[in-house]
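Peer 1: A predicted structure for the sequence below; I have some questions about it.
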Amino acid sequence: QVQLVESGGGLVQAGGSLRLSCAASGVTSSSYVMGWFRQATGKEREFVAGINRSGGNKNYADSVKGRFTISRDNAKNTVYLQMNSLKPEDTAVYYCAADRSWTNIVIVTPTAYDYWGQGTQVTVSS
């Protein structure tokens with residue numbers, strides 16, 4: 001049974017930093033493209049960042065480029081999202097997701113992902 005568990009969310013002031021982690025179990029995470037998505041209250045879930053199986057290809061939403069960094073440690077079955085220079089508009093529930101497709105391409109569409117974590121709340125105060 002595949003399970004993704006996010007951690008690291010919390011309350012931070014604008015300009016601060018947080019590091020989210022996504023631990024995978026029941027699966028070898030190196031077999032999956034991994035993505036981070038977020039969903040603010042009343043809004044649709046949106047792509048934040050994604051990383052291919054080896055970690056050699058990364059993709060970011062324009063709104064987080066230069067501030068967020070996605071990485072993975074396949075030995076630990078864990079994916080990370082380092083978030084710097086946080087803004088109030090980054091406030092959302094953040095989800096990690098796994099795409100088991102053979103293409104090894106980061107897809108920005110949520111429907112492409114097969115497994116999801118339960119989410120972790122990130123709140124940025126102004």
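Peer 2: Ah, there it is. Numbering: from 1, shown residues only.
Peer 1: show me the strands in the chain, by range?
Peer 2: For the chain, the strands defined by DSSP state E cover 3-7, 10-13, 18-25, 33-39, 46-51, 58-60, 68-73, 78-83, 92-99, 115-116, 120-125.
Peer 1: how much space separates the spatially most central residue of the chain from residue 124?
Peer 2: Relative to the mean C-alpha position of the chain, the nearest C-alpha, by Cα atoms, centre = their mean, is the one of residue 36, at 2.1 Å. According to Cβ to Cβ, to the nearest Å, residue 36 stands 16 Å off from residue 124. Glycine gets a C-beta too; all of them are placed from N, C-alpha and C.
Peer 1: one step back: which one of the strands of the chain lies closest to residue 105?
Peer 2: Closest approach to residue 105 among these is made by strand 33-39 (7.0 Å; Cβ to Cβ).
Peer 1: now do residue 119 against residue 60, distance only.
Peer 2: Distance from residue 119 to residue 60, by Cβ to Cβ: 20 Å.
Peer 1: any low-confidence regions in the chain?
Peer 2: Low-confidence segments of the chain (pLDDT under 70): 29.
Peer 1: could you rerun that using 50?
Peer 2: Applying pLDDT under 50 to the chain flags no residue at all.
Peer 1: my guess is residue 90 contacts residue 83. True?
Peer 2: Yes: between residue 90 and residue 83 there is a contact under Cβ atoms under 8 Å: 6.9 Å.
Peer 1: overlap in contacts, these two.
Peer 2: 64, 122 (Cβ atoms under 8 Å, 6 or more residues apart in numbering).
Peer 1: wait, what's in contact with the nearest residue to residue 70 once chain neighbours are set aside?
Peer 2: For residue 70, ignoring the flanking residues on the chain, the nearest one in space by Cβ to Cβ, 6 or more residues apart in numbering is residue 49 at 4.0 Å. Neighbour list for residue 49: 35, 36, 58, 59, 60, 61, 64, 68, 69, 70, 81 [criterion: Cβ under 8 Å, 6+ apart].
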